[in-house]
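# quick one, fold the following:
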Amino acid sequence: MLPLFSPSSKMDRKWVSIFLSLSVAISVTLSASLQYQTLVPTSLPQPQALLWDAQQDSEPETVPDFESESLSLNLHHVDNLSPAFKSTPESLFKLRLRRDVIRAKALFAVADVAQTNASGSHRSAGDFSSSIVSGLAQGSGEYFTRIGIGTPAKNVYMVLDTGSDVVWVQCSPCRKCYTQSDPVFDPKASTSFLGVSCVSPLCRRLDSPGCNSRQKCLYQVSYGDGSFTVGEFSTETLTFRRTKVSNVALGCGHDNEGLFVGAAGLLGLGRGKLSFPTQAGPRFGKKFSYCLVDRSASSKPSSMVFGESAVSRNAVFTPLLTNPKLDTFYYVGLNGISVGGTQVPGISPSLFKLDRIGNGGVIVDSGTSVTRLTRPAYVAFRDAFRAGASNLKRAPEFSLFDTCFDLSGKTEVKVPTVVLHFQGADVSLPASNYLIPVDGDGKFCFAFAGTMSGLSIIGNIQQQGFRVVFDLASNRVGFAPRGCA
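Next comes the predicted model:
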């Protein structure tokens, strides 16, 4: 077979030399024209001992129920909750990715169910199979805090989750309860506990409430992995440090089955009508925010703020979009992505569009770790990053990551910048938010993944270090860099 081009003459060899020189020059020019930033490789985070304010568990029970403009809480990652504390960083990270796959599938399933219902499938009015199908899988929702339940307040760990609405806690007597770190809450020992009647407007806020023989309202929350919690719907007082919030609708779960962590229950932070931000909205101005620290680089806790103090002055804001078929998730508009200062061709707003029947869209979620992008957008993004990071030594794939690098022995490397172009807000990510350690041997991976679902998810790895502001009064979400100080 003849070669396509044979440099048989001096003239031919001259043109080959010119062609190769131009190719190298163009390659160097393109590389030089990209914008880079420095990544200092770090190790996987070590689980840290929980350090809660000792006063919080010994707070006097006569704290006044005063009107408060703001409220601040410390958050901790689920890896720090026993028994995970005794595991290695590598095993914890693998567990985190396993949880994340289940979590993402559950969120996609929620969106699919909403879209299916929108196209004509409806449950019967008497169906109590699932009042809310939650995005929370395997009891995840990666962050938790400590709050008081009831009067006198009994302090327990609660998972916080923007992908769920209903607030619930395990209650005695337990038909079936999983193991938790604190004693199970006894509603009979609380003077502020009040069951909700079946005819109450509060009961009717559940998608499909149940009713027991005493005419008390029943709730059920089902999760994507088959886990569930079921029990009596009630109102109760929650205590956040020295601030009491009365008459919060919550599920008192007597039957809680599945793969839950050691927290006592869940504080739903979704956008739905039964979530804590919606219920406590008037008290805190319909505003809350959180800042999740990079646990491999900082030992200080993550935090959550409710009230006017939640809104950072240096935040850039993007409008909240509404899915008429699903009110739980926080949808935003994503117009494109830049790598190295250049917008990636082929990533258009149409790939992330939320249509009128609830298909597609992009959500901001605290309980998903790895950002999922619809497949065509991910492939274009990944390929642009690979081209810009061609100076780095490639490594084999790892778990759900298909783009990894061997940074062993490196004290710092240059990586292309990444900017997410939300509607009205450009968010420039630190290098550690998209190139992350996955083992103890210097392997780092591009912390995004593709999905065949139409729904894209902005995960908490990409949110690290930003104060993410949910300003429901103005229907917007904000991102403030270096917001954990």
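# so what's the residue count around Arg394?
Close neighbours of Arg394, defined as other C-beta atoms under 10 Å, add up to 12. The C-beta positions use only the backbone N, C-alpha and C, and glycine is treated the same way.
# hmm, I was thinking of Glu308
Neighbour count for Glu308, taken as other C-beta under 10 Å: 12.
# tell me the buried residues in stretch 400-419?
For stretch 400-419, a neighbour-count test (16 or more other C-beta atoms under 10 Å) marks 400-405, 407, 413, 415-419 as buried.
# out of those, who's nearest Arg283?
The shortest gap between Arg283 and any of the buried residues of stretch 400-419 belongs to Val419, at 36.1 Å (C-beta to C-beta).
# specify the beta-bridge partners of the closest one.
Beta-bridge partners recorded for Val419 (DSSP bridges): Ser338, Ser428.
# per-residue pLDDT, it?
Here the pLDDT value assigned to Val419 is 98.
# residue ranges with poor pLDDT in the stretch 1-150 of the chain?
Residues of the stretch 1-150 of the chain meeting the criterion pLDDT under 70: 1-32, 48-69, 81-86, 114-141.
# thinking again about what came up before, the buried residues of stretch 400-419 in strands, which ones?
The strands, defined by DSSP state E, take in Cys404, Phe405, Val413, Val415, Pro416, Val418, Val419 from these.
# state the distance from the fifth one to Gln35.
By that I understand Pro416. Taking C-beta to C-beta, to the nearest Å as the measure, Pro416 falls 7 Å from Gln35.
# identify the contacts common to those two.
Common neighbours of Pro416 and Gln35 are listed as Gly340 (criterion: C-beta atoms under 8 Å, 6 or more residues apart in numbering).
# by contact count, what packs against the lengthiest helix in the chain?
Looking across the chain with DSSP state H, the single longest helix is helix 89-118. Packing partners of helix 89-118 (3 or more C-beta pairs under 8 Å, 6 or more residues apart in numbering; DSSP states H and E): strand 132-133.
# state the next helix or strand along the chain beyond the strand it packs on.
strand 143-149 (DSSP states H and E).
# show me what that next one is in contact with.
52, 56-57, 59, 73-78, 81, 154-160, 169, 185, 190, 236-240, 261, 263-264, 267, 290, 292, 302, 304, 366-367, 460.
# please narrow those to those residing in strands.
When those are checked against strands (DSSP E), the matches are 73-77, 154-160, 169, 236-240, 267, 290, 302, 304.
# Produce a ChimeraX select command limited to the buried residues of these.
To isolate the buried members of the ones in strands among the contacts of strand 143-149 in ChimeraX, using 16+ other C-beta under 10 Å:
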select :73,74,75,76,77,154,155,156,157,158,159,160,169,236,237,238,239,240,267,290,302,304
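# check contacts around the residue nearest the centre of the chain.
Nearest residue to the geometric centre of the chain (C-alpha atoms, centre = their mean): Ser366, 2.1 Å. Taking C-beta under 8 Å, 6+ apart as the criterion, Ser366 is in contact with 141-143, 160-163, 269, 290, 292, 460, 463, 468.
# ditto for Gly281
Gly281 is in contact with Leu472, counting by C-beta under 8 Å, 6+ apart.
# next, it: phi, psi?
Gly281 adopts backbone torsions of phi -50, psi -50, taken as degrees, to the nearest 10.
# all helices of this structure, in order?
Under DSSP H, the chain gives helices at 10-33, 54-57, 89-118, 201-204, 276-279, 375-388, 460-463.
# for this protein, what's the longest strand?
Longest strand of the chain, by residue count under DSSP E: strand 243-257.
# alpha carbons of that one, in PDB - could you do that?
Output of strand 243-257 as PDB, limited to C-alpha atoms (Å, rounded to 0.1, in the frame of the first residue of the first chain):
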ATOM      1  CA  THR A 243     -33.600  29.700  68.700                       C
ATOM      2  CA  LYS A 244     -36.900  27.800  68.900                       C
ATOM      3  CA  VAL A 245     -39.200  27.400  65.900                       C
ATOM      4  CA  SER A 246     -42.600  26.200  66.900                       C
ATOM      5  CA  ASN A 247     -45.300  24.300  65.100                       C
ATOM      6  CA  VAL A 248     -43.000  22.700  62.500                       C
ATOM      7  CA  ALA A 249     -44.900  19.900  60.600                       C
ATOM      8  CA  LEU A 250     -42.800  16.800  60.800                       C
ATOM      9  CA  GLY A 251     -43.200  13.000  60.400                       C
ATOM     10  CA  CYS A 252     -42.800  11.000  63.600                       C
ATOM     11  CA  GLY A 253     -41.500   7.700  62.100                       C
ATOM     12  CA  HIS A 254     -42.400   4.500  63.800                       C
ATOM     13  CA  ASP A 255     -41.300   2.200  61.000                       C
ATOM     14  CA  ASN A 256     -38.100   3.200  59.300                       C
ATOM     15  CA  GLU A 257     -36.400   0.700  57.100                       C
END
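# and that strand, what's its mean pLDDT?
On average, strand 243-257 scores 93.
# how many degrees apart are it and strand 143-149 in direction?
Interaxial angle, strand 243-257 versus strand 143-149 (axes from the mean of the first three to the mean of the last three C-alpha atoms, to 10 degrees): 110 degrees.
# packing partners of strand 243-257?
In terms of contacts (3+ C-beta pairs under 8 Å, 6+ apart), strand 243-257 is packed against strand 168-170, strand 228-240, helix 276-279.
# deepest in the core, which of those is it.
Of all those, strand 168-170 has the most neighbours on average by mean count of other C-beta atoms under 10 Å, namely a mean of 27.
# by contact count, what packs against it?
Here strand 168-170 touches strand 228-240, strand 243-257, strand 265-268, going by 3+ C-beta pairs under 8 Å, 6+ apart.
# turn these into CSV, including distance to Pro173.
Below are the helices and strands packed on strand 168-170 laid out as CSV (distance: least, C-beta to C-beta, whole Å):
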stretch, distance to Pro173
strand 228-240, 10
strand 243-257, 7
strand 265-268, 16
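# looking at these, which is closest to Asn475?
Judged by C-beta to C-beta, the one of the helices and strands packed on strand 168-170 that comes nearest to Asn475 is strand 265-268, at 19.3 Å.
# avg pLDDT for the closest one?
90.
# partner strands of that strand, with direction?
Using DSSP bridges, strand 265-268 pairs in its sheet with strand 154-161 (parallel), strand 168-170 (antiparallel).
# and it, how far out from the chain middle?
Its chain's C-alpha centre and that of strand 265-268 lie 14 Å apart, by C-alpha atoms, centre = their mean, to the nearest Å.
# which of the residues in it are buried?
By neighbour count on 16+ other C-beta under 10 Å, the buried set for strand 265-268 is Gly265, Leu266, Leu267, Gly268.
# dump these to CSV, plus distance to Thr229.
Shown next, in CSV, are the buried residues of strand 265-268 (distance: C-beta to C-beta, whole Å):
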residue, distance to Thr229
Gly265, 8
Leu266, 8
Leu267, 13
Gly268, 12
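# ok, so of those residues, who is nearest Lys105?
For the buried residues of strand 265-268, the minimum distance to Lys105 (C-beta to C-beta) is 18.8 Å, reached by Leu266.
# which residues does the closest one contact?
Applying C-beta under 8 Å, 6+ apart to Leu266 gives the contacts Leu136, Gly141, Met158, Val159, Leu160, Asp161, Ser164, Val166, Val167, Trp168, Val169.
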